[in-house]
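# Let's see this in three dimensions:
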Amino acid sequence: MLVSVLNGFAIGFLLFIVAVGLSIVFGMMDVLNLAHGALFLGGAYLGAAFAGSWGGFLAALGIAAVLGLVAGGLLSLMTEPLSRRSHLDQALLTLGVAFVASELLIIAFGDDPLSVAAPPALDGSVTVFGAVYPTYRLVLIGVGAVLALAVHLVVDRTRVGALVRATVADREMVATIGVDNRLVKAAVFAVGSLLATTAGVLGGPVYGARPGLDATVLILALVVVVIGGLGSVRGALVGALIIGQVDTLGRVLLPELASFVLFAALALVLVLRPQGLFGGLTTAGTR
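Residues are numbered from 1 along each chain as shown. Coordinates of the predicted model:
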């Protein structure tokens with residue numbers, strides 16, 4: 001059970017890195033980006049392509065970060081004309097982008113599942129309270145915790161975060177002081193996409209790289225966002241950790257009903273708190 005709980009934390013922190021970008025873009029910028037899973041898959045394939053050494057792993061992270069920034073900027077430009085239209089239009093556009101990206105990745109890397117080796121020195125195991133556990137997953141928990149703290153501090157405690165929150169609250173007021181709302185939106189989109197692609201590299205040794213992984217990760221990220229509440233960093237973290245534990249323990253204790261248990265948790269939160277656990281907290285410092 002200890003190994004399963006630790007796996008839940010590892011998956012949870014990985015889902016946080018993916019979901020927090022999706023939550024901020026949708027909750028703060030009001031853009032539904034269904035290409036988020038494809039960005040994760042792209043990062044996973046990059047990790048597979050460069051796996052085998054620390055240099056390759058760091059190179060994959062760097063390339064994924066740059067590609068994520070560029071992809072986020074492009075997606076922001078593509079969705080800008082739809083900013084005053086329904087979320088369905090945005091969903092159809094970004095879903096089309098996701099399909100195209102997935103097919104291009106299959107053409108480039110093939111349709112066979114690829115395993116991704118952890119970096120040297122992290123590909124072994126350690127003993128935790130008498131249980132043998134993969135070193136890489138333990139490090140992943142630490143990296144996820146540090147990123148969660150960093151995102152929280154940037155959003156809630158810096159001038160950049162204050163500018164983003166102000167843009168959400170009153171775009172016209174922010175425009176009067178000379179700030180271009182489109183640049184703020186593009187920057188948030190770019191950072192959200194960067195988190196998705198780098199999460200793909202970090203998640204490669206856990207999930208591998210395979211066709212269909214983008215849809216799986218996107219669904220899990222959407223569940224996390226709905227449970228935590230749109231635009232809430234704290235909600236994304238709590239929701240991701242809940243889903244990580246529910247998904248992992250569900251597969252161990254109730255393998256035939258694992259998917260039902262996952263969505264039962266979602267349904268329970270929606271019944272008790274439709275806006276999500278931390279939804280509706282819109283003032284500065286409360287997210």
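
# what about the strands in the stretch 51-200 of the chain?
125-128, 131-134 (DSSP state E, counting those that start in this stretch).

# Format those as CSV; extra columns: mean neighbour count.
Backbone N, C-alpha and C define where each C-beta goes, glycine included. Listed next are the strands of the stretch 51-200 of the chain as CSV, based on neighbours: other CB atoms under 10 Å:
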stretch, mean neighbour count
strand 125-128, 11
strand 131-134, 15
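
# Point out where the stretch 1-150 of the chain drops to low pLDDT.
28 (pLDDT under 70).

# rerun at 80
1, 27-30, 83-86 (pLDDT under 80).

# And for the stretch 151-287 of the chain?
Using pLDDT under 80, the flagged stretches of the stretch 151-287 of the chain are 164-175, 177-181, 231, 255, 257-259, 279-287.

# That one: helices as residue ranges?
In the stretch 151-287 of the chain, helices defined by DSSP state H, counting those that start in this stretch lie at 159-169, 171-176, 181-207, 213-228, 233-253, 258-272, listed in chain order.

# now for the ones you listed, which one comes closest to Phe57?
Comparison of the helices of the stretch 151-287 of the chain against Phe57 by CB to CB identifies helix 181-207 as nearest, at 7.5 Å.

# which parts of the closest one are buried?
184-207 (16 or more other CB atoms under 10 Å).

# Which neighbouring elements make contact with that helix?
If you count contacts as 3 or more CB pairs under 8 Å, 6 or more residues apart in numbering; DSSP states H and E, helix 181-207 packs onto helix 2-29, helix 36-50, helix 54-79, helix 135-157, helix 159-169, helix 171-176, helix 213-228.

# Tell me how many other residues surround the closest residue to Leu249 other than its chain neighbours.
Distances taken as CB to CB, 6 or more residues apart in numbering place Ser4 nearest to Leu249, at 5.7 Å, with adjacent residues excluded. Here the count is done by other CB atoms under 10 Å, and Ser4 has 15 residues near it.

# what's the burial count for Ala91?
15.

# separation between it and Asn33?
9 Å (CB to CB, to the nearest Å).

# And Leu6, by the same measure?
31 Å.

# my guess is Val252 contacts Leu2, does it?
No: judged on CB atoms under 8 Å, Val252 makes no contact with Leu2 at a distance of 11.5 Å.

# who has more neighbours, those two?
Relative neighbour count places Val252 above the other of Val252 and Leu2, with 14 against 11, counting by other CB under 10 Å.

# Now that one. Nearest residue, chain neighbours left out?
Val252 sits nearest to Ser4 (CB to CB, 6+ apart), 4.9 Å away.

# what sits against the nearest residue to Ala71 once chain neighbours are set aside?
Ranked by CB to CB, 6+ apart and with sequence neighbours excluded, the top spatial neighbour of Ala71 is Ser193, at 4.9 Å. If you count contacts by CB atoms under 8 Å, 6 or more residues apart in numbering, Ser193 has them with 21, 33, 36, 39, 68-69, 71-72, 75.
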